[in-house]
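Colleague: coords below, sequence missing:
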């Protein structure tokens, strides 16, 4: 079994023609969908970057017990199980968080890995005199202006180089059987930066200041500026799509495309003006963030062109791939294998999917409604982070003294007898997420009409409570949410 797992960061499915977009051009993803299966009811678990990857690699939901952090001693990531079974895995990526504090022990799970520098705030190129801040809307980071000096053509950008690195790996290993090739592009994550021709194809007529990085606040500069930002995003995604096509061309040259299992997904979406918001971390997890794309091409192109409606999540990747490789495991996880869903449209076991950010509202969906349960208290307590490997959101330094406020060690997590450190986490609620919300997404996919407070909320309170139990939620989360 040859598996190609592709993750493009921050991919909003509303920009993909396979989900109804009528102005963005994604020929490679369109072609993959024609030979594969499109999932309409796929959801993130934990967000943002590293929490999402821990979900995928371990099959367990991260967000109820901690935020950003390392792979820990109690985790059983599936690349380790593949390695123990003699199956080679390789990761090719430009996602720089893997190589910072807070991303410990992820890339080392793979047999080999390649890393391409320069995305976002990656401390790569340096200068004694930093660049002068230009006129701009949204965010601007001096480090990225240094890094982008290395990007002259599309082939120089980090995500195209990631796909090219995967192509070179395939060439070096032509004829290899039973491998996992993990290809992870940071694009279209902000900044939305690509050569001008990718943006110009969408009729961009922006004549204002630089604007390629959302502010994580309300949109700036009016509708014309938002339209420009969306075209920047589409162009950056278009560049990734083009180079993914080159990867598929190499598989076809080797005669292995048809027989490969190929999975394309993302970690979460990104807001570019929807709900009068930009960015991600400080908003409710609306469908633009939480209902994410998933395309699966089976060996032999079985079930090509079909769609699936089952309620699925990224925590299902781990058991699914182990199922295809025939590698057993006997530890408890939260995900379930989708092999029968792929092959025979079988039902899934889950009734609810929990998703969101640590310390924010905890959200649940059954694919019909979405329920965002806000903290019961304004101070967002009690909130604890549970960990074995001390880590931090400051990617340049170790965890400081504040990380150990009221820290104690014990068996605080119900699914393991290994002790963990539990530390009080002070994270006041964003004013943007103080309100509990409920939406019928079958009739109100745009989530405009809040039904919280109606009799229907009782049903979703119970779904949330029961699903949190299945996800091994620490007791403090029930108290924090008033459950």
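Modeller: Alright, I've got the coordinates. Since the structure is predicted, the reported quantities are computational estimates derived from the model, not experimental observations.
Colleague: C-alpha only now, for contacts and for neighbours.
Modeller: Fine.
Colleague: which stretches of the stretch 151-300 of the chain form helices?
Modeller: Assigned by DSSP state H, counting those that start in this stretch, the helices in the stretch 151-300 of the chain fall at 158-172, 196-200, 222-254, 287-290.
Colleague: Output the ones you listed in TSV; the columns should cover mean neighbour count and mean pLDDT.
Modeller: Shown next, in TSV, are the helices of the stretch 151-300 of the chain (neighbours: other C-alpha atoms under 10 Å; pLDDT from 0 to 100):
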stretch	mean neighbour count	mean pLDDT
helix 158-172	21	98
helix 196-200	16	97
helix 222-254	20	98
helix 287-290	23	98
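Colleague: who wins for proximity to residue 182 among those helices?
Modeller: Between residue 182 and those, the tightest spacing by C-alpha to C-alpha is seen for helix 158-172, at 8.5 Å.
Colleague: How far does stretch 273-285 sit from its chain's centre?
Modeller: 16 Å (C-alpha atoms, centre = their mean, to the nearest Å).
Colleague: ends of it, how far apart?
Modeller: 14 Å (C-alpha to C-alpha, to the nearest Å).
Colleague: mind putting the helices of the stretch 151-300 of the chain in a markdown table, distance to residue 96 included?
Modeller: Below are the helices of the stretch 151-300 of the chain laid out as a markdown table (distance: least, C-alpha to C-alpha, whole Å):
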| stretch | distance to residue 96 |
| --- | --- |
| helix 158-172 | 10 |
| helix 196-200 | 24 |
| helix 222-254 | 17 |
| helix 287-290 | 21 |
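Colleague: Relative to residue 40, which of those helices is closest?
Modeller: The nearest among the helices of the stretch 151-300 of the chain, by C-alpha to C-alpha, is helix 287-290 at 11.7 Å.
Colleague: who's in contact with that closest one?
Modeller: Contacting residues not belonging to helix 287-290 are listed as 12-14, 43-44, 268-271, 274, 280, 355-356, 445-447 [C-alpha atoms under 8 Å, 6 or more residues apart in numbering].
Colleague: how does the chain divide up, domain by domain?
Modeller: Domain segmentation of the chain under automatic domain parsing yields 2-344, 353-480.
Colleague: quick one, what contacts the residue lying closest to residue 383 once chain neighbours are set aside?
Modeller: Once flanking residues are discounted, residue 383 sits nearest to residue 425: 5.5 Å by C-alpha to C-alpha, 6 or more residues apart in numbering. With contact set as C-alpha under 8 Å, 6+ apart, residue 425 has these partners: 383-385, 403, 405.
Colleague: Now list the buried members of those.
Modeller: 383-385, 403 (16 or more other C-alpha atoms under 10 Å).
Colleague: just to revisit the earlier point, can you tell me how far the residue nearest to residue 383 is from residue 21?
Modeller: Residue 425 is 41 Å from residue 21, by C-alpha to C-alpha.
Colleague: Please apply the same query to residue 41.
Modeller: 17 Å.
Colleague: neighbour-wise, which of the two wins?
Modeller: Neighbours per residue (other C-alpha atoms under 10 Å) separate residue 41 from residue 21, with residue 41 holding more: 20 against 13.
Colleague: Next, give phi and psi for residue 364.
Modeller: Dihedral pair for residue 364: phi -140, psi 150, per degrees, to the nearest 10.
Colleague: What does the pLDDT read for residue 394?
Modeller: Looking at residue 394, its pLDDT reads 66.
Colleague: Please shift the residue numbers so they start at 51 in all later answers.
Modeller: Noted, 51 is the first residue going forward, which turns the last one into residue 444.
Colleague: list the contacts for residue 326?
Modeller: 268-269.
Colleague: now do the one 10 residues further on
Modeller: If you count contacts by C-alpha under 8 Å, 6+ apart, residue 336 has them with residue 497.
Colleague: Please report how far it lies from residue 177.
Modeller: 40 Å.
Colleague: Then residue 404?
Modeller: Counting by C-alpha to C-alpha - residue 404 and residue 177 are separated by 44 Å.
Colleague: Of the two, which one has the most company?
Modeller: Neighbour totals were compared for residue 404 and residue 177, and residue 404 leads with 25 against 8 (other C-alpha under 10 Å).
Colleague: and the more buried one, which of the three is it?
Modeller: Using DSSP: H, G, I helix; E, B strand; the rest coil, the structure places residue 404 in strand.
Colleague: For the closest residue in space to residue 314 that isn't next to it in sequence, what is the enclosing helix or strand?
Modeller: Leaving aside its sequence neighbours, residue 314 sits nearest to residue 56 (C-alpha to C-alpha, 6+ apart; 4.8 Å). Element membership of residue 56, judged by DSSP states H and E, is strand 52-58.
Colleague: got the contact list for that strand?
Modeller: By C-alpha under 8 Å, 6+ apart, the list of residues contacting strand 52-58 reads 227-238, 309-317.
Colleague: OK, contacts around the nearest residue in space to residue 424 that is not next to it in sequence?
Modeller: Nearest non-adjacent residue to residue 424, counting by C-alpha to C-alpha, 6+ apart: residue 411, 4.4 Å away. Listed by C-alpha under 8 Å, 6+ apart, the contact partners of residue 411 are 334, 422-425, 483, 486, 531.
Colleague: Only the buried members of those: can you turn that into a PyMOL selection?
Modeller: Restricted to buried positions by 16+ other C-alpha under 10 Å, the PyMOL selection for those reads:
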select buried, resi 334+422+423+424+425+483+486+531
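Colleague: what about this structure, any weak spots by pLDDT?
Modeller: Low-confidence segments of the chain (pLDDT under 70): 443-445.
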